[in-house]
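Everything below, folded, please.
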Amino acid sequence: IRQVEWKDGKMDGEVVIGDYKKKQLIFVGNVKDQQVISSTDLSSIHIDTIDLSDDGCRWEGQVLNNEPFGWGCYYDNENFLRYEGFCVHHNSVCYGTIYHELMTNNCILYKGTICNSMKWGYGQLFDRCSNCIYEGSFLQDSMDCDKLIIKPKSQSLLGFHSLVQELTIGEGCCSSLLSRYGLSCVPD
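As a prediction, the model looks like this:
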């Protein structure tokens, strides 16, 4: 599983690559203009239990520099499992299982790909009775990722992605972008 940041159509930012079958990180680093500018030495990752708060929240799993870094389990202050999967810089990344917060029996809420602690990519959503209620694509924690509405007078197409099947663009959108290319938008 890969988590990659993009800017202007190029890889730009943090890149995390993990093998969820082997439960190990393969690469963590930063890319600028599609060139690797730094990478984290993963050879010092070890298994440990670390306290994350004074009230008892903890991480059990792979650790680097005394912080969650790799595959492991997050337990809340009442000792209930709340997350199992990859974690880098205190963010859930790549792939994991999120458990229902109000349930005490390790009831799965979501299992699938994750980006910056949000359901993102392909996954399954479960109800409190462990029934799968949705299987498919997620974007920024939302299942409704096939429709995009750009609000009137918006100056960007923020949120546009390859899963969009229905696009609604409000009046007066992207006027600065259009004028930069000598274009204009004429309403029908």
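
Now do the same contact list for Ile108.
Ile108 sits next to 97-100, 126, 130 when contact means C-beta atoms under 8 Å, 6 or more residues apart in numbering. (Each C-beta comes from the backbone N, C-alpha and C, glycine too.)

would you turn those residues into JSON lines with pLDDT?
What follows is the contacts of Ile108, written out as JSON lines (pLDDT from 0 to 100):
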{"residue": "Thr97", "pLDDT": "97"}
{"residue": "Ile98", "pLDDT": "96"}
{"residue": "Tyr99", "pLDDT": "96"}
{"residue": "His100", "pLDDT": "92"}
{"residue": "Phe126", "pLDDT": "93"}
{"residue": "Ser130", "pLDDT": "87"}
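
Now, of those, which are buried?
In terms of neighbour count (16 or more other C-beta atoms under 10 Å), the buried residues within these are 97-100, 126.

Give me the buried positions along stretch 6-16.
Per 16+ other C-beta under 10 Å, stretch 6-16 contains these buried residues: 11-12, 14-16.

which two in these are spaced the farthest apart?
By the measure C-beta to C-beta, those have their two most distant members at Asp12 and Val16, which lie 14.3 Å apart.

before we move on, the earlier item: and the contacts of Ile108, which two are furthest apart?
It's Ile98 and Ser130 that sit farthest apart of the contacts of Ile108, by C-beta to C-beta, at 13.6 Å.

how close does the most centrally placed residue in the chain sit to Thr49?
Closest residue to the average C-alpha location of the chain: Cys115 at 1.0 Å, with C-alpha atoms, centre = their mean. As judged by C-beta to C-beta, to the nearest Å, Cys115 and Thr49 stand 26 Å apart.

And Glu14, by the same measure?
Glu14 is 26 Å from Thr49, by C-beta to C-beta.

ok, now how distant is Gly29 from Gly13?
According to C-beta to C-beta, Gly29 stands 10 Å off from Gly13.

Now intersect the buried residues of stretch 6-16 with the strands, please.
11-12, 14-16 (DSSP state E).

Show the contacting residues for the residue nearest to the centre of the chain.
Neighbouring residues of Cys115 by C-beta under 8 Å, 6+ apart: 3, 93-94, 121.

Out of those, who's the most crowded?
Sorting these by how many neighbours each has (other C-beta atoms under 10 Å) puts Val93 first, at 26 neighbours.

is it true that it touches Ile114?
Yes: using C-beta atoms under 8 Å, Val93 is in contact with Ile114, at 6.1 Å.

how much space between the nearest residue to Glu101 once chain neighbours are set aside and Lys7?
Using C-beta to C-beta, 6 or more residues apart in numbering and skipping residues adjacent in sequence, the residue nearest Glu101 is Arg82, 6.7 Å away. Remark: distance between Arg82 and Lys7 (C-beta to C-beta) = 32 Å.
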